[in-house]
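Undergrad: sequence? don't have it. structure:
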């Protein structure tokens, strides 16, 4: 089990901590548990260049997207995150390549190229854009539970979900069914989708609540996703 906040992440001054403003109780097993007891799964979604498609392809994409929206019997949230592109890892790779270059001419060219890239990024705000779909599930939506069990979870749903592992697993499985439906429906439009794991969710939330302190890091390269490795 992994907590959203660790002691290292929290400020020494409790009053200034952002934890008081985060409606997240816990993140575990690739699921966000809200203070209300509701669950959330976040899908990282790829993009397509709609303008480069032919007219028939555009019409097909729009039709499939309409079918996707019409197939939903639960709400979803579409989030677009734009952050300054983190070029530091690439510059470090170029620096290591330069240091290991034995050919003086190639070493000089690598150094000039690294300087050019650094100056370019310093003058220009290169932005990275990520697309997410948030899939929800709330305990009150569970139609398989009786009236008495629901009365207990009604007064303190968060404690019910966090304290009882079997309850959490039941709700998580129902959430995954929705996630599978969203992924399958989006794939018909030519878009890939993958659920973020626990570490990636914590990173996403932390970057979202600290936009001025940290540049956004790439959570996952959508082109490298193996859909067979995702939770079923």
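TA: Received it, and whenever you're ready, just let me know what you need. Just so we're clear, the structure is a prediction, and the values are computed from it rather than from any experiment. Numbers count the residues shown, from 1 in each chain.
Undergrad: quick one, helices of the chain?
TA: Applying DSSP state H to the chain gives helices spanning 55-71, 88-99, 104-123, 147-155, 157-163, 165-187, 198-209.
Undergrad: Could you break this protein into its assigned domains?
TA: The chain resolves into domains spanning 14-84+127-229, 86-125 when parsed by automatic domain parsing.
Undergrad: circling back: same list, the helices of the chain, but as TSV with distance to residue 47 please.
TA: Just so you know, the C-beta spots here come from the backbone N, C-alpha and C atoms, and that holds for glycine as well. Formatted as TSV, the helices of the chain follow (distance: least, Cβ to Cβ, whole Å):
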stretch	distance to residue 47
helix 55-71	12
helix 88-99	21
helix 104-123	22
helix 147-155	39
helix 157-163	33
helix 165-187	11
helix 198-209	17
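Undergrad: between the ones you listed, which gets the lowest average pLDDT?
TA: Mean pLDDT values for the helices of the chain show the minimum at helix 147-155, a mean of 46.
Undergrad: Deepest-packed of the domains of the chain, please.
TA: Greatest average neighbour count among these goes to domain 14-84+127-229 (a mean of 15), per mean count of other Cβ atoms under 10 Å.
Undergrad: Tell me how far that one lies from the chain's centre.
TA: 7 Å (Cα atoms, centre = their mean, to the nearest Å).
Undergrad: now swap in stretch 126-140 and tell me
TA: Going by Cα atoms, centre = their mean, where stretch 126-140 is centred and where its chain is centred differ by 6 Å.
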